[in-house]
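Peer 1: got a structure for you, letters missing:
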Ligand SMILES: Cc1ncc(COP(=O)(O)O)c(C=O)c1O
């Protein structure tokens, strides 16, 4: 297949059946966002926000783009800006993995680290101040309606098309900006109201469940704010997932299914397994979103204890 731009390869990600981890009597599927060009769901958001800003005339040729990001959004924006010729500056908390910073710099971006103690709020405030000072375009991933709109136009319809004429009972997605959950969830509710929408969040920071935010290890999930684009009426169930459970399930997906996903993918599939074991009826079909690739977590606890030397013969 020949494409005019790397940007044309975003989306239309495969949905793959889980063959060994699914309990008997329940069919489980995952949608693999790692098949996007920079290997995460955030390629959709980055493309959406830049296209929308260009169409509305608020992003001029050559203007600098700025975002506060936990990493995947920065990597995706760096890719989109490189392909379209915009300089890009990412503000990122210094607690996120080293490989994320290096990937952005490889894609031509400038990365400014902010103290982790300032949390998402501090990172956002600094990015906003910088864009005002330099007349840059601030992408506002947590508040930009182009984010869920793109998921309404792409992720949701892709799922509807792939499951046309097939049973689908449960859709499971975590939330960071809430773009995926809101956009795909709204389309599923509209077109397939029988599908139950399930969200999940870190047990240590279950903000939708009304708990206090505490630091957690599921990168990409649950900043210490509930984003304005997140539609809190879209889901019927909300499950907490512990950090270690997210890690363990990501490892099981890799070693038992050959499906390589990050910690949040492990967390989402952990919630899907809980649905499969405790809520699902015989014959039910569950789809879980896997937001990115495990390779983005080489320096994190996902790979902790994995042998670097030779194994025994
Ligand atoms: C690794 C990872 N998982 C999950 C998400 C959540 O996706 P969304 O922002 O659409 O809620 C993100 C994005 O923040 C992410 O980077």
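Peer 2: Nice, thanks for sending it over. Everything numeric here is computed off the predicted structure, so don't read it as measured data.
Peer 1: can you list the residues of the stretch 51-200 of the chain near the ligand?
Peer 2: For the stretch 51-200 of the chain, the contact set with the ligand under Cβ under 6 Å from any ligand atom comprises 72, 174, 175, 176, 177, 178, 179, 180, 181. (Glycine included, C-beta is placed from N, CA and C.)
Peer 1: can you pick the most crowded of these?
Peer 2: The most crowded member of these is residue 179, carrying 32 neighbours; neighbours defined as other Cβ atoms under 10 Å.
Peer 1: How about stretch 231-249 and the ligand, touching?
Peer 2: No - Stretch 231-249 does not reach the ligand (Cβ under 6 Å from any ligand atom); its nearest approach is 10.2 Å.
Peer 1: Could you tell me how many residues sit around residue 276?
Peer 2: There are 23 residues near residue 276, going by other Cβ under 10 Å.
Peer 1: Tell me who's in contact with the residue of the stretch 51-200 of the chain found nearest the ligand.
Peer 2: Closest residue of the stretch 51-200 of the chain to the ligand, Cβ to the nearest ligand atom: residue 176 (2.4 Å). Going by Cβ atoms under 8 Å, 6 or more residues apart in numbering, residue 176 touches 70, 220, 221, 222, 223, 264, 291.
Peer 1: Just name the closest of the residues of the stretch 51-200 of the chain next to the ligand to residue 62, please.
Peer 2: Using Cβ to Cβ, residue 72 is the member of these that lies nearest residue 62, at 25.2 Å.
Peer 1: contacting residues for that closest one?
Peer 2: Contacts of residue 72 (Cβ under 8 Å, 6+ apart): 38, 40, 41, 42, 100, 220, 291, 292, 296.
Peer 1: Which members of these define the maximum pairwise distance?
Peer 2: 41 and 100 (14.7 Å).
Peer 1: Neighbour count: these two, which is higher?
Peer 2: Comparing residue 41 with residue 100 by other Cβ under 10 Å, the one with more neighbours is residue 41, at 30 against 22.
Peer 1: quick one: the more buried one from the ligand, how far?
Peer 2: Distance, residue 41 to the ligand, by Cβ to the nearest ligand atom, to the nearest Å: 6 Å.
Peer 1: Residue 208 now?
Peer 2: Residue 208 is 12 Å from the ligand, by Cβ to the nearest ligand atom.
Peer 1: repeat for residue 10
Peer 2: 14 Å.
Peer 1: How many residues are close by the closest residue in space to that residue that isn't next to it in sequence?
Peer 2: When the adjacent residues along the chain are set aside, residue 10 lies closest to residue 43, with 4.7 Å between them (Cβ to Cβ, 6 or more residues apart in numbering). When counting by other Cβ under 10 Å, one arrives at 28 neighbours for residue 43.
Peer 1: Buried residues, the helix or strand where residue 43 lies. List them.
Peer 2: Element membership for residue 43 (DSSP states H and E) is helix 42-55. Neighbour-count burial for helix 42-55 flags 42, 43, 44, 45, 46, 47, 48, 49, 50, 51, 52, 53 (criterion: 16 or more other Cβ atoms under 10 Å).
Peer 1: Switch those residues over to a markdown table; also include pLDDT.
Peer 2: Shown next, in a markdown table, are the buried residues of helix 42-55 (pLDDT from 0 to 100):
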| residue | pLDDT |
| --- | --- |
| 42 | 97 |
| 43 | 98 |
| 44 | 98 |
| 45 | 96 |
| 46 | 97 |
| 47 | 97 |
| 48 | 96 |
| 49 | 96 |
| 50 | 98 |
| 51 | 97 |
| 52 | 97 |
| 53 | 97 |
